[in-house]
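Chemist: Sequence first, predicted coordinates after that:
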Amino acid sequence: MLFVLASNVAHALQLSDDRNVSLTFAQSPQRIISLLPSLTESVCAMDQCHRLVGRDRYSNHPASVRQLPVLGGGLDPNIEAIVALKPDVVLLATSSRVVTRLESLGIKVVALEPKSHADVRRVLHKLGVLLEVPEEQGAARLWRVIDTSVSAAAQSLSPQARKARVYFEVSRGPYAAGESSFIGETLTRLGVQNVVPASLGPFPKLNPEFVVRANPDVIMVGNRSMLAMASYPGWGSIRAVKEQRICVFGAEESDVVVRPGPRMAEAARLMANCLEKHADRGVR
């Protein structure tokens with residue numbers, strides 16, 4: 001009996017999430033709810049989609065997850081529905097307001113929120129530990145694909161495309177992708193200049209006048225809710241607007257470019273295609 005108990009303890013799985021909260025699981029969770037699209041995609045990219053029993057309303061990739069129960073958004077999840085599914089763990093963002101509520105109900109929560117390339121690599125590793133997927137089959141393999149794909153996208157760009165000064169709008173506000181965000185880091189690796197410096201934070205809300213003064217050569221819009229590029233006051237004078245060097249990513253493409261997860265490889269190609277498309281139109 002003592003041997004069995006010792007074996008169970010030895011097998012216990014330990015993990016610290018992005019709150020620096022240490023969690024212990026008797027075994028790798030088999031019933032998982034994900035309330036953040038990038039985490040949903042990462043679980044599936046490790047071939048563990050079958051463990052998901054519920055999702056947030058924005059998790060829509062791969063297609064198989066669309067059959068799962070929808071439990072609201074990351075900020076406004078349906079607590080009763082979550083409890084009813086009896087999950088072994090709920091994956092969500094550190095910014096979610098329901099962490100304490102879920103934990104008070106006896107539900108284990110792992111809060112992970114990647115904002116940079118290093119964060120993405122770290123979160124993939126933590127998920128691999130949680131799911132007990134060997135590093136070479138899971139986290140290391142996925143990161144290698146992301147890293148080599150970003151490098152390949154950069155090498156595909158012409159010298160003219162690399163001269164661009166870029167503004168990337170994540171959502172209306174305007175909220176931008178700064179140099180220190182995972183999007184900004186991809187732009188830097190592509191060899192272009194982000195007009196939003198790291199000092200402003202990963203995803204700052206800007207005064208529209210800031211972008212007018214910055215006068216970018218190319219504007220990228222990754223807000224899936226925008227049907228068209230709605231201009232802000234004074235934006236008519238921006239070079240990219242005057243010369244129509246704007247890439248408004250469609251809903252599906254927006255999901256790719258604004259999610260810090262396994263599809264960052266595809267995101268780099270989409271951004272590179274946008275830059276190359278406008279490279280022959282007089283980028284200074």
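Modeler: It's in.
Chemist: Just the helices from the stretch 51-200 of the chain, written as ranges.
Modeler: In the stretch 51-200 of the chain, the segments counted as helices under DSSP state H, counting those that start in this stretch are 79-84, 99-104, 117-131, 139-156, 182-189.
Chemist: Just the angle for the third one relative to helix 139-156, thanks.
Modeler: Calculated by axes from the mean of the first three to the mean of the last three C-alpha atoms, to 10 degrees, helix 117-131 forms an angle of 150 degrees with helix 139-156.
Chemist: Including mean neighbour count, could the helices of the stretch 51-200 of the chain go into a markdown table?
Modeler: Bear in mind the C-beta positions are built from the backbone N, C-alpha and C, glycine included. Shown next, in a markdown table, are those (neighbours: other C-beta atoms under 10 Å):
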| stretch | mean neighbour count |
| --- | --- |
| helix 79-84 | 14 |
| helix 99-104 | 14 |
| helix 117-131 | 20 |
| helix 139-156 | 17 |
| helix 182-189 | 23 |
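Chemist: Make a markdown table out of these and add mean pLDDT.
Modeler: Output for these, formatted as a markdown table (pLDDT from 0 to 100):
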| stretch | mean pLDDT |
| --- | --- |
| helix 79-84 | 97 |
| helix 99-104 | 95 |
| helix 117-131 | 97 |
| helix 139-156 | 97 |
| helix 182-189 | 98 |
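Chemist: Could you work out which of these reaches nearest to residue 238?
Modeler: helix 182-189 (17.6 Å; C-beta to C-beta).
Chemist: Could you tell me the angle between that closest one and helix 139-156?
Modeler: 50 degrees.
Chemist: For the stretch 151-284 of the chain, just list every one of the strands.
Modeler: 165-171, 175-176, 193-194, 218-221, 246-248 (DSSP state E, counting those that start in this stretch).
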